[in-house]
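Got a sequence here, can you build the structure:
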Amino acid sequence: MMNDPRSHGLWEKTAPAPPATRPLEGAVSADVVIVGGGYTGLSAALHLAGAGVSVVLLEAVEIGFGGAGRNVGLINAGMWVMPDNFPKELGPVHGERLLELLGSGPYLVREMIEKHGIACELETSGTLHCAVGTEGLKELEERARQWQGRGAPVTLLDAAETERRIGSSAYAGSLLDLRAGTLQPLAYARGLAHAAAKAGARLHTGSAVTYTGEAGGKKIVRTAHGEVPAEWVIVATDAYSTGPWEEMRREQVHLPYFNLATTPLSDNLRKSILPGREGCWDTKEILSSFRMDQAGRLVFGSVGALRGTGIAIHKSWARRALRRVFPQLGEVEFEAEWYGKIGMTDNALPRLHRFGRNVIGFCGYNGRGIAPGTVFGKVLARHILGEIAEGDLPLPFTDPKKPSFRAAREAYYEAGAQIAHFAGERF
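Next up is the predicted model:
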């Protein structure tokens with residue numbers, strides 16, 4: 001995308017083509033206009049169009065251009081926040097409601113993929129949250145206790161079982177979550193787009209919103225060459241927000257994250273490294289993640305941006321880290337490299353905003369976009385359809401709030417990751 005191989009890397013090389021789209025031209029009317037072609041916007045478009053609602057979706061660049069086309073592809077349940085902290089942070093009603101909704105989020109993703117025949121390399125064998133040292137294991141023990149107390153299918157594995165599943169002795173244990181799994185993230189986004197278009201949604205790419213207002217009792221959304229009057233507007237631009245709703249981006253701190261994909265591993269190596277194809281990430285503050293794609297490429301990622309001096313530093317560190325964790329790999333060759341931005345809120349939980357009469361949107365997925373984006377798109381659709389009253393929404397409406405020292409914190413994250421990786425931080 002955008003003639004930049006580091007924007008979407010492996011995912012753009014291996015994803016099926018998106019539906020044919022074109023920029024918005026002229027005036028078209030709709031019941032609902034959706035701004036943003038990621039998981040939230042596409043899920044909302046699909047659910048609304050499937051219910052017979054007239055929908056126009058406007059994407060500034062291409063389908064899946066933001067986080068939806070750049071992430072690791074882990075379909076996780078919940079958020080980074082410990083389960084017991086949801087009600088502490090949001091109150092008992094919204095806290096438990098949101099936790100239940102996001103805890104079952106991966107099941108909705110599976111349902112959408114099966115129902116619409118989306119080819120996106122879905123794996124349903126779970127994820128492994130990997131413990132680095134005794135402190136990491138203590139964290140996972142507590143996480144397991146809290147999820148198991150709510151009946152979630154999670155199991156704490158010892159070091160031996162973790163080694164058998166991963167093919168590495170680097171970890172003190174792991175938390176297996178059978179709700180979770182992996183997929184090809186850009187392929188999933190494009191599959192949702194195909195399904196939404198088939199249901200009747202009108203998708204326009206290359207259509208950045210430049211103005212929003214109201215006239216004749218309708219919401220007006222304009223692009224460079226067209227406009228849409230509608231009853232409702234869904235803002236689904238999240239961490240990549242620009243234009244009228246840039247405040248959604250400004251209330252999040254960008255955490256850069258990169259991925260590197262090896263060439264396909266030999267059959268012998270595939271038998272010893274992630275033979276069950278679980279997706280993995282660890283408990284370190286500067287975390288790492290790894291998973292297999294369908295062709296047997298090992299996709300390995302960590303905090304950092306592949307630009308400037310970060311390109312050489314992060315790639316060199318990744319080679320060293322992979323040799324330590326998987327010595328059986330030997331020297332690795334990377335077939336693709338890319339990076340993106342994770343939008344982090346100050347409490348690591350998502351937000352629900354009302355930007356005016358009938359203008360609503362979620363944001364702040366904190367690195368957990370696949371399941372929450374799919375779920376929240378459905379929630380917004382059902383709210384507009386009158387199926388979920390405001391009092392029954394998973395979050396209260398709040399005003400966007402700018403975090404303190406956002407620019408400084410973003411610079412610190414990028415520089416800090418380079419320093420840690422240059423110094424050879426222990427994996």
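
for the protein, what are the low-confidence residue spans?
425-427 (pLDDT under 70).

Tell me where it has helices.
Using DSSP state H, the helices found in the chain span residues 5-14, 39-50, 85-90, 92-103, 105-116, 133-148, 159-166, 185-199, 247-250, 267-272, 310-325, 370-384, 406-422.

Which one of those lies nearest to Ser125?
Ranking these by proximity to Ser125 (CB to CB) places helix 159-166 first, at 9.3 Å. Using the backbone N, CA and C atoms, a C-beta is placed for each residue, glycine as well.

what helices or strands is that closest one leaning on?
With contacts defined as 3 or more CB pairs under 8 Å, 6 or more residues apart in numbering; DSSP states H and E, helix 159-166 has these neighbours: strand 127-131, strand 173-177.

Put the alpha carbons of it into PDB.
Coordinates of each C-alpha in helix 159-166 appear next as PDB, following Å, rounded to 0.1, in the frame of the first residue of the first chain:
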ATOM      1  CA  ALA A 159       7.600 -25.100  31.600                       C
ATOM      2  CA  ALA A 160       7.700 -28.600  30.100                       C
ATOM      3  CA  GLU A 161       4.300 -28.400  28.400                       C
ATOM      4  CA  THR A 162       5.100 -24.900  27.200                       C
ATOM      5  CA  GLU A 163       8.400 -26.200  25.700                       C
ATOM      6  CA  ARG A 164       6.500 -29.000  24.000                       C
ATOM      7  CA  ARG A 165       4.000 -26.600  22.400                       C
ATOM      8  CA  ILE A 166       6.400 -23.900  21.500                       C
END
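
what inclination does that helix have with respect to helix 133-148?
80 degrees (axes from the mean of the first three to the mean of the last three CA atoms, to 10 degrees).

which of the residues in helix 159-166 are buried?
Thr162, Glu163, Arg165, Ile166 (16 or more other CB atoms under 10 Å).

Surely Tyr257 touches Trp338?
No - if you go by CB atoms under 8 Å, Tyr257 and Trp338 don't touch, sitting 9.8 Å apart.

can you give me the strands in the stretch 251-400 of the chain?
In the stretch 251-400 of the chain, the segments counted as strands under DSSP state E, counting those that start in this stretch are 253-262, 279-282, 288-292, 298-303, 334-344, 351-356, 359-363.

Farthest-apart pair in the buried residues of helix 159-166, please.
Using CB to CB, the buried residues of helix 159-166 span at most 7.5 Å, a distance reached by Glu163 and Arg165.

so which of the helices and strands packed on helix 159-166 comes closest to Asn347?
Per CB to CB, nearest to Asn347 of those: strand 127-131, 20.4 Å.

other SSEs contacting that closest one?
Strand 127-131 is packed against helix 133-148, helix 159-166, strand 173-177, strand 279-282, with contacts defined by 3+ CB pairs under 8 Å, 6+ apart.

The third one - contacts with which helices or strands?
If I follow you right, that is strand 173-177. Against strand 173-177 (3+ CB pairs under 8 Å, 6+ apart) you get strand 127-131, helix 133-148, strand 154-158, helix 159-166.

can you tell me which residues contact Phe300?
Counting by CB atoms under 8 Å, 6 or more residues apart in numbering, Phe300 touches Asn259, Leu260, Ala261, Thr262, Ser288, Ser289, Phe290, Ala318, Ala321, Leu322.

and if we set it to 6 Å?
Residues near Phe300 by CB atoms under 6 Å, 6 or more residues apart in numbering: Leu260, Phe290, Ala318.

now the first one, which residues is it bridged with?
Pointing back at Leu260 there. Assessed by DSSP bridges, Leu260 has beta-bridge partners Phe300, Glu337.

quick one: it from Glu121, how far?
Distance, Leu260 to Glu121, using CB to CB, to the nearest Å: 18 Å.

So between these two, which is more surrounded?
The neighbour count for Leu260 versus Glu121, taken as other CB atoms under 10 Å, is higher for Leu260 (26 against 18).

wait, doesn't that one sit right on Glu337?
Yes - using CB atoms under 6 Å, Leu260 is in contact with Glu337, at 5.1 Å.

Stretch 66-77 spans what distance, first to last residue?
21 Å (CA to CA, to the nearest Å).

and if you look at stretch 347-355?
End-to-end distance for stretch 347-355: 21 Å, by CA to CA.

ok, now stretch 214-227?
Using CA to CA, the end-to-end distance of stretch 214-227 comes to 12 Å.

How about that stretch, which residues are buried there?
Neighbour-count burial for stretch 214-227 flags Lys218, Lys219, Ile220, Val221, Arg222, Thr223, Gly226, Glu227 (criterion: 16+ other CB under 10 Å).

now do stretch 274-292
Buried residues in stretch 274-292, defined by neighbour count with 16+ other CB under 10 Å: 274, 277-284, 287-292.

can you list contacts of it?
For stretch 274-292, the external contacting residues (CB under 6 Å, 6+ apart) are 72, 74, 123, 125-128, 130-132, 136, 139, 165, 182, 299-303, 417, 420.

Dump it to PDB, restricted to CA.
Only the C-alpha atoms of stretch 274-292 are listed here, as PDB (Å, rounded to 0.1, in the frame of the first residue of the first chain):
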ATOM      1  CA  LEU A 274       4.600 -24.200  17.200                       C
ATOM      2  CA  PRO A 275       3.400 -27.600  15.800                       C
ATOM      3  CA  GLY A 276      -0.100 -26.700  17.100                       C
ATOM      4  CA  ARG A 277       0.000 -23.200  15.500                       C
ATOM      5  CA  GLU A 278      -0.800 -21.300  18.700                       C
ATOM      6  CA  GLY A 279      -0.100 -17.500  18.600                       C
ATOM      7  CA  CYS A 280       2.300 -16.400  21.300                       C
ATOM      8  CA  TRP A 281       3.400 -13.300  23.100                       C
ATOM      9  CA  ASP A 282       5.400 -12.800  26.400                       C
ATOM     10  CA  THR A 283       5.100 -11.000  29.700                       C
ATOM     11  CA  LYS A 284       8.000  -8.500  29.200                       C
ATOM     12  CA  GLU A 285       7.300  -4.800  29.300                       C
ATOM     13  CA  ILE A 286       9.000  -4.500  25.900                       C
ATOM     14  CA  LEU A 287       7.100  -7.500  24.700                       C
ATOM     15  CA  SER A 288       7.700  -9.900  21.800                       C
ATOM     16  CA  SER A 289       5.200 -12.000  19.800                       C
ATOM     17  CA  PHE A 290       5.500 -14.900  17.400                       C
ATOM     18  CA  ARG A 291       3.200 -17.100  15.300                       C
ATOM     19  CA  MET A 292       3.100 -19.200  12.200                       C
END
